[in-house]
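Student: what shape does this take:
(one chain, ligands or ions: 1)
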Amino acid sequence: MKIKLLSIFSLVIFNQAFAQSEKFYATTDTENAKELKAKFPNEIEIVGAAGNQSAIFLSEKAAEFLHHNVITHGPGYVYKSSKEEALSAINKVKKSNKILAFTIDQNAAVNSAIAKVSADNIKAHIQVLENYGTRHHTTAKAQTAVQDLKTKWQGLITAAGRTDVSVRVVNHVGTPMPSLVFTINGTTAPADFIIVGAHMDSITNNTANAPGADDDASGIATITEMIRILLDVNYKPAKTVEFMAFAAEEIGLVGSSEIAQNYALNGKNVVSFVQFDMTNYKGSSKDIYLTTDPYNSNDLNLFLIELMEHYNKTGTHAFTYGNTICNYGCSDHFSWADNGYDAAFPFEASFSQYNPNIHTTTDKLSNMGSSATHAAKFAKLGLEFIIETAKGSVLATSETANNNSVEIYVKDKSLNYRLAKETVESISIVDTSGKQLLESKNLLSFGKIDLNKINKGFYLAVFKTKSGKVITKKFILE
Ligand SMILES: [Zn+2]
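Tutor: Residues are numbered from 1 along each chain as shown. Model (predicted):
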């Protein structure tokens, strides 16, 4: 939060309540709140607590500390416009866990889309975004960057000649910076939404110099490449597909939390949300790290694992995955999870090994190897996610032969299975972090796997057949 550094231009349009008060309301992890209270007794009030979350009234000094010293990638708190809003956020009843009915059967469409991903396009766009010098939410340059992105997205739509695709600017209460929403209307299930997001703003301790190439020009460039490809293949989803470039993520997920709350208040059915925030720094041995914080959807993480097992295990588009944690208010997917939606956040590295330049004036493309080959993997995963989840159920039933060739059910702590046409080579059980818990070989085409040593939770059974097929099935162990 850089309230003291606000320009006069920003002050005029900046939300009055937000700009005038030194302290503001937010929610955070209860452990964070206690730590802050001990360190800065006069800078923070804990106004309520529920579960592991607290509603707090804090100064910008305390917010700065939370942003830079508590172990999280994002701000570590979620900005709220009033005490009532903060209290209601922590007392919200969370949606119960369920199995999402996703299948994987769009091989032709997915493979042709991911073959079009260009790391050079992503790289060039990261450079364009870095060249603004700053996209700090209070600056005129941030406004220009959003308008320019709107022009770029609109240009792609116009070139494709589509009338069922649109871009809109969303203005906010908590920041002068707008967000951008790109919509492809669903053909048969337009009330169901599949959403992919990234954030447009950047931050350092110098408002005028915040290049933000990895955080999060990389995410914006990644989703823009996905948009380019979907229009290029004349993609028409059954469900409505949206891409969002959020404002003011860095000061408390302001843009995403206003939009997600608005969707929830209007009863919109967001089937799944995936965030791309920092995609271009390969800091770890594996490629894509799924974040497994408790507010993330286990089920959606499992589906992303299924997608990577199916499309990215071998061949031209092969990459590896691992898991990590990101903590409270880590990025914009938190806003969607907080409103009861299934949300996931695939990240560029293991948490302790992410890009060390973020939130500094050296967060530049030149410090990421001057290429975007890492980000290209995220664009592929994003395309796989969209094409497989936004398809219609009618299509799904006619094309699920592959998945239906294995039947499973869980009973008495055993996984019972039967393969219709195939001979099984091996069966492995994978948890929501992608970790393989057990593997069985020399099996019959029907039988049961003992799950007694496995804890309750969401799992994936991966069947490898003698003919080389991989068939995945999710299950819950209760
Ligand atoms: Zn970020």
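
Student: mind giving me the domain ranges of the chain?
Tutor: Domain segmentation of the chain under automatic domain parsing yields 3-90, 107-397, 405-477.

Student: please identify the deepest-packed of those.
Tutor: Neighbour counts (mean count of other CB atoms under 10 Å) averaged over each of those peak at domain 107-397, with a mean of 21. C-beta coordinates here come from the backbone N, C-alpha and C atoms, glycine included.

Student: could you check how far R228 is from the ion?
Tutor: Going from R228 to the ion by CB to the ion, to the nearest Å gives 22 Å.

Student: now do the same contact list for L365.
Tutor: K123, I126, Q127, E130, A213, N280 (CB atoms under 8 Å, 6 or more residues apart in numbering).

Student: one step back: please produce JSON lines containing the domains of the chain, extended by distance to L100.
Tutor: Formatted as JSON lines, those follow (distance: least, CB to CB, whole Å):
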{"stretch": "domain 3-90", "distance to L100": "24"}
{"stretch": "domain 107-397", "distance to L100": "5"}
{"stretch": "domain 405-477", "distance to L100": "8"}
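
Student: returning to what we had before: among the contacts of L365, which are in strands?
Tutor: For the contacts of L365, not one is inside strands, with DSSP state E as the criterion.

Student: just the residues you listed: which are in helices?
Tutor: Cross-referencing those against helices under DSSP state H gives K123, I126, Q127, E130.

Student: just those now: which is nearest A245?
Tutor: Closest to A245 out of the ones in helices among the contacts of L365 is I126 (13.8 Å), distances taken as CB to CB.

Student: I'd guessed that closest one sits against G212; true?
Tutor: No: counting by CB atoms under 8 Å, I126 sits too far from G212 to count as a contact (9.6 Å).

Student: would you mind listing what in the stretch 351-478 of the chain touches the ion?
Tutor: By CB under 5 Å from the ion, no residue of the stretch 351-478 of the chain approaches the ion.

Student: how long is stretch 346-360 from one end to the other?
Tutor: When the termini of stretch 346-360 are compared using CA to CA, to the nearest Å, they are 22 Å apart.

Student: mind checking how far that stretch is from the chain centre?
Tutor: Remark: stretch 346-360 is offset 15 Å from the chain centroid, using CA atoms, centre = their mean, to the nearest Å.

Student: now V241: which helix or strand?
Tutor: strand 239-246 (DSSP states H and E).

Student: tell me the strands beside that strand, with direction?
Tutor: strand 179-184 (antiparallel), strand 189-199 (parallel) (DSSP bridges).

Student: so which of these is nearest S440?
Tutor: The nearest among the strands paired with strand 239-246, by CB to CB, is strand 189-199 at 34.7 Å.

Student: and that closest one, how far from the chain's centre?
Tutor: Taking CA atoms, centre = their mean, one finds the center of strand 189-199 at 11 Å from the center of the full chain.

Student: same question, stretch 344-352
Tutor: Offset of stretch 344-352 from its chain centre (CA atoms, centre = their mean): 10 Å.

Student: end to end, how far does that stretch reach?
Tutor: Termini of stretch 344-352 sit 19 Å apart (CA to CA).

Student: who touches it?
Tutor: If you take CB under 8 Å, 6+ apart as the criterion, stretch 344-352 is touched by 71, 73, 214, 218, 272-284, 286, 288-291, 296-297, 300-301, 304, 321-322, 324-326, 330-331, 333, 354-355, 374, 378, 381.

Student: run through the residues of this protein sitting next to the ion.
Tutor: Residues of the chain lying near the ion by CB under 5 Å from the ion: D215, D216, D277.

Student: what's the first one in contact with, if anything?
Tutor: The reference is to D215. For D215, the contact set (CB under 8 Å, 6+ apart) comprises S202, D277, M278, N355, I358, H359, D363.

Student: could you dump those residues into a markdown table and include pLDDT?
Tutor: Below are those laid out as a markdown table (pLDDT from 0 to 100):
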| residue | pLDDT |
| --- | --- |
| S202 | 97 |
| D277 | 97 |
| M278 | 97 |
| N355 | 94 |
| I358 | 93 |
| H359 | 92 |
| D363 | 97 |
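
Student: closest to the ion among these?
Tutor: Lowest distance from the ion to these (CB to the ion) belongs to D277, with 4.2 Å.

Student: residues contacting the closest one?
Tutor: By CB under 8 Å, 6+ apart, the neighbours of D277 are H73, G74, A198, H199, D215, D216, G219, E249, S331, D332, F345, F347.

Student: how about the secondary structure of it?
Tutor: On the three-state scheme (DSSP: H, G, I helix; E, B strand; the rest coil), D277 is labelled coil.

Student: please name the nearest non-neighbouring residue to it.
Tutor: S331 (4.2 Å; CB to CB, 6 or more residues apart in numbering).

Student: ok, that neighbour touching E250?
Tutor: No: counting by CB under 8 Å, S331 sits too far from E250 to count as a contact (9.9 Å).

Student: what residues are shared contacts of those two?
Tutor: Counting by CB under 8 Å, 6+ apart, the residues touching both S331 and E250 are G74, H199.

Student: can you give me phi and psi for T361?
Tutor: phi -70, psi 0 (degrees, to the nearest 10).

Student: could you do L307 as well?
Tutor: phi -60, psi -40.

Student: list the contacts of it.
Tutor: Residues near L307 by CB under 8 Å, 6+ apart: I104, L381, E384, F385, E388.
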